Each structure stands twice: as structure tokens, then as C-alpha cells.
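In: Sequence below, structure please.
(chains A and B)
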Amino acid sequence: MNVRVRFAPSPTGFMHVGNARTALFNYLFARHNNGTFVLRIEDTDVERHSEEAVNVIYEALKWMGIEWDEGPDVGGPYGPYRQSERLSIYKEFIEKLKEKGLVYECYCTPEELDAMRKEQLERGEPPRYTGKCRHLTEEEKEKLRAEGRKPVLRFKVPEDEVIVFEDLVKGRIEINSRQLGGDFVIVRSNGMPVYNFVVVIDDALMKITHVIRGEDHISNTPKQILLYRALGFEVPQFAHLPMILGQDRSKLSKRHGSTSVKEFKEKGYLPEAFTNFLALLGWYPKDGKEVLSMEELIERFDIKDVNSAPAVFDTTKLNWLNQVYIRSYPIDKLTDLIIPYLEKAGFDLSSFSRDWLERVVEVTREYFTVLSDAPVYMETFLKDDFQVQPEAKEFISEDLKRLEVIKAFKEKLSGFEGGLSQESFKKLVKEVGKEVGVKGKNLFMPIRIGLTGKMSGPELPVLAELLGKERVLKRLENSLNQLEG
RNA sequence: GUCCCCGUCGUCUAGCCCGGCCUAGGACACCGGCCUUUCACGCCGGCGACGCGGGUUCGAAUCCCGCCGGGGACGCCA
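Out: Below you'll find the predicted structure:
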């Protein structure tokens, strides 16, 4: 059997991490089984959808490294892949259901239904549609139409039937048709078919073999199975992924902080780290290897290994993964990604060569967890007119010799001929130590402060070499001005 | 309210289906130490969980029942 799965988001304007994880699992499942991954846009709700919102989906998927085999932009044999363009197809199947007498018109207004639901809830009953309009006569319908009412189409739900399906992650699930909330709407009064209906048509026509989606769809599944049967379609396999929870264990939503893929991208998470992290949310490889590339994920992924318990979205592990990826990323690519953050932080990079920048990235990369941290750590290399930090000032003031070290080093360096390499730097420092009569922290810390204004930072020889003699002198001058003032 | 799903370290999880190898394993985080002229990295070590109560059994994280807790769904949203 040729495996076909789909990711079917509605264009809401942002890609939620839960959706991203659903897309990922579908993708991994498809690739692992040499199957096809279909992207379908669910935009039947005309009230809210825009071209821009569709692009958000494309961009998020592309960033994550998820490629679709069929979709609105790339086409495919079962298109169109946007529900808004499939209306005529849906009409056809609506007619079929009408012919079979499996649907009927309902003239209840939203207000009436709302009131009904409220009453039922107050009485402690589960809210459900009573089937009020199921047996309306032609005259009654005529009368209601005369009132200006527009009907919806409802699907007749069988009275007492147990609907069973074998969920690939949850196991066997049984629901009695009585629990479905009564006859449900499949076409709105404006003629637009509803999700539960179109999803069945689309999945069937697109020959989807496995429906992998969020757990919140479990309660829709029996309704959909009823429709598959009514239409004579083969029912696909279902796999319902556990929810992603916020810190408070409720369904992850905007109030929990960053929840859109774009936000993670902008903070400077690498797509590889993000994807890797998402994969580990509800799934775990048999061999326990946690740092995995897309290829390795595909190789190991098995829908049966997906955990049935929900997972809390905690970014600590994502941070760790991001560090891991930053340290092993190609320096060229990493530099490309970091430059925008530097520019945004206000650094003028025009005086630095690309090669030099890459070397700075190389020696600072292990310090940051997200790319947006880069300017903080790279500043030491980029900015010569820094402020000497208070604690550094205090350190220098504690012992006169410390200031002397900086002065002596400046003297020494001025008189030094030739390029400043790590070796020559070390040699000069050593000489200064001897002359002033200090060693260890009393020697190195003043030099560090003289060069950076800070008490911590990258390895001094490396810094000195990258800066070069002129810039080091400039910095020493700058520091001394502040320390002697 | 009704139905459905879920319940192992703080977090992600392994183990559960096929009871003993589990004095419950790993990863992240946290704490301590080592390394280091600083910070970080790295290395070593530590802390830390089977929701509760009953059964079944020689033996239960694993099987059964009940309870409790959490979540989700009950739309002319998807």
C-alpha cells in the first residue's frame, strides 16, 4: 500500500508549535514509509483567510525543512489543494447524501440553538441537537423560508450504534453514536460546507491512508467515520497525537508565551534544533539517541512509538539542543544567520571582513544558546570604545600594581614591532608580569580589563590576535582614560 | 454536566502489551567537584519519580477494580 498522509492547517496567520509538530510527524511518517506528504489548506471559513496567512504556513514548513509532495503551489494529481477551490466537488457529494436521504434541512437559528444548548446544560444534560427539524413537511419548510430563514444541512446520526476505530497511538476507541451531540451540520446556511464534512471528502479523494492529527480531533472522528460510510468511502487509519501542554498543564496557547514557529525562528533557534526538539515531544527513538538530524529522525520514526500521554512544552531542552547545533553548524551558514542580529543591535560591520567575522563567530559560538544572544558575546570583538564595568574598576582600584600592569603592557606593545599573534601576545604579557612583579590573576585580569573592560570573556590571546595591534592599543588607551579618571 | 483521553524524577522520556533481569534506566535542568590566568565548554559525581487505595500473584511500575487528579471534546471554528 502506498502511504499517503496530509497536513491540513487552516490559514490563521500563524503556525502554532502544536501544528508544527503535527506536520513534522506526518512528514516523518511519510518519508519513513516512502509515502507521500500532502499539504492542503483548509480555508472553508471565508470569514478569515488571506494569502498572507497561507504564506506563513509555507514559510514555517520550509524553515523546518519539511517539503510537501503535493500542495496548492506544487500541484499534484488530486488537486486543487485548497478547500476554497473545491466547492463544486463538495456540492456533488452533498447531492449524493440528499439522494440517499441521509441529510435534511434545519431551519433553527443560531440564537435558538444557543438557547437550547444553554437550557440543556442547566438541566445537567449534555448539549445536543434534538432533531427538531428532521421531519419537517414541505409546507412547514415553506413557511420558515417565508420568514426569511435559510436552512443548514444536517446529517442524520444513527440512534444507537457503537463506532469503533483502532487508533495507531491511542489504541481501540469506542464511542456510541448517542454521544455525538445529535445530527450535525454539514452545510452552513450560506451554502458553505463545514469542516467535518469536507475533511472526509478531501481525505477520501486525495487517497489519504493515514490521518495523523491532534488529539483534540478524537471526538470528530466518529462523525467522520459515519460520513465515510455514508459516502461509501474506505475509512483511513487514524493516529491521534497527544496534546502539547503549557507549564500549567493546560492546552498550549498564546498566553503561555512563544507558541508560533516564527517567534522561535526570530529568537534565533536553528531549524534543526527546533525540529529535533519537536520530534522528542511525544516520541522517543528506540536507541535513545536524542540529537538527531532530519534523516536520522526519518530513519527511526515509528508512529507506534508515539507516547499517548500529553507533553509539557518546556524550552530548556530546546535551549540545550540549540547550543549543540550552534557548535556544530557550518561556520559560513552560522555567520549568515548571525549578521542580521548584529545589524539589528546597531553594529556597523562595514569595516570588518567576512573572513574576520567568521573567525569571531568561530571563537564565540560556544557562548550563546540562541542567535539573538550573539551580539552580547560578539560585542567584545566589535566595539573598541567600551565602558569599563564597575566591578572591573573596583578590581583595578584594589591594588596599584594592577593599573601599572595595563600601563606597562601598553608601553610594551607600542614598542613592539611585527604582527600580534597569540604567541607574541603571551610573550609580551609574560614580560610585563616580570617587570611589574605580578603573576596569575593579578597579571591577566588587568590585561583582560584593559582589552575588554570586563572581568570575563573569551581567551585573551585569541582576542588579541583577532583584534590586532592597533585596536588593542586603542582599547588600552580607552580603558586607561576611564580608570585614571 | 456528559462523553473521551491521560497519569513514571522539575521537564522530555525508557520500562508497561508478553508480571520477576527495576534497590526503576537515559537526557535536559539543578547542585557539588575537577579542569581553566576569567566566563563558558568539557569531564566526574549527586539530588530526584512508578497519583492513591484495594485486589490477583510466591512476586506488580507492569494485570483487574475503585477513587483522585489533569486534559480534551461537546459550534452554521478548524
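
In: burial count for the residue of chain A found nearest RNA strand B?
Out: Among residues of chain A, the one nearest RNA strand B by Cβ to the nearest atom of the strand turns out to be A:Phe444. It sits 2.1 Å away. To be clear about C-beta, it is placed using only N, CA and C from the backbone, and glycine gets the same treatment. Per other Cβ atoms under 10 Å, the neighbour tally for A:Phe444 reads 15.

In: Please apply the same query to the one 3 residues further on.
Out: A count of neighbours around A:Ile447, defined by other Cβ under 10 Å, yields 23.

In: Might you report the residue contacts of it?
Out: A:Val405, A:Ile406, A:Phe409, A:Val429, A:Val432, A:Leu460 (Cβ atoms under 8 Å, 6 or more residues apart in numbering).

In: Could you dump the residues you listed into a markdown table and include pLDDT?
Out: A markdown table is the format used below for the contacts of A:Ile447 (pLDDT from 0 to 100):
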| residue | pLDDT |
| --- | --- |
| A:Val405 | 92 |
| A:Ile406 | 93 |
| A:Phe409 | 94 |
| A:Val429 | 91 |
| A:Val432 | 90 |
| A:Leu460 | 93 |
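
In: hang on, the earlier thing: ok, then the element right after the helix or strand where the residue of chain A closest to RNA strand B lies?
Out: Taking DSSP states H and E as the definition, A:Phe444 sits inside helix A:441-452. Beyond helix A:441-452 on the C-terminal side, the first helix or strand identified by DSSP H and E is helix A:460-484.

In: That next one to helix A:441-452, inter-axis angle?
Out: 80 degrees (axes from the mean of the first three to the mean of the last three Cα atoms, to 10 degrees).

In: which outside residues touch helix A:460-484?
Out: A:356, A:359-360, A:363, A:380-381, A:384-388, A:393, A:396, A:403, A:406-407, A:409-410, A:413-414, A:416, A:419-423, A:425-426, A:429, A:444, A:447-453, A:457.

In: sorry, back to before: mind listing what the residue of chain A closest to RNA strand B touches?
Out: A:Val429, A:Leu460.

In: Could you do A:Ile225 as well?
Out: A:Ile163, A:Phe165, A:Val235.

In: right, and A:Lys156 touches A:Arg134 too?
Out: Yes - A:Lys156 lies in contact with A:Arg134 (Cβ atoms under 8 Å); the separation is 7.2 Å.

In: Give the residues shared as contacts by the two.
Out: A:Tyr104, A:Asp183.

In: domains of chain A?
Out: A:4-83+A:245-312, A:86-241, A:329-381, A:390-484 (automatic domain parsing).

In: Near RNA strand B, which residues of the stretch 301-450 of chain A? Just list them.
Out: A:305, A:307-312, A:314, A:316-317, A:319-320, A:366-367, A:440-441, A:443-445, A:448 (Cβ under 7 Å from any atom of the strand).

In: about what we covered before: so which bits of the helix holding A:Phe444 are buried?
Out: By neighbour count on 16 or more other Cβ atoms under 10 Å, the buried set for helix A:441-452 is A:Asn442, A:Leu443, A:Met445, A:Pro446, A:Ile447, A:Arg448, A:Ile449, A:Gly450, A:Leu451, A:Thr452.

In: cool, stretch A:218-229 as well?
Out: A:Ile218, A:Asn220, A:Thr221, A:Pro222, A:Lys223, A:Gln224, A:Ile225, A:Leu226, A:Leu227, A:Tyr228.

In: Return the subset of the residues you listed lying in strands.
Out: With DSSP state E as the criterion, strands contain none of these.

In: filter the residues you listed down to the ones close to RNA strand B.
Out: Counting by Cβ under 7 Å from any atom of the strand, A:Ile218, A:Asn220 from those sit close to RNA strand B.

In: Let me see the ranges of the helices in the stretch 101-250 of chain A.
Out: Under the criterion DSSP state H, counting those that start in this stretch, the stretch 101-250 of chain A contains helices at A:110-122, A:138-146, A:195-205, A:221-231.

In: And the stretch 251-400 of chain A, by the same measure?
Out: A:261-267, A:271-279, A:294-300, A:316-328, A:331-344, A:354-364, A:374-382, A:390-397, A:400-414.
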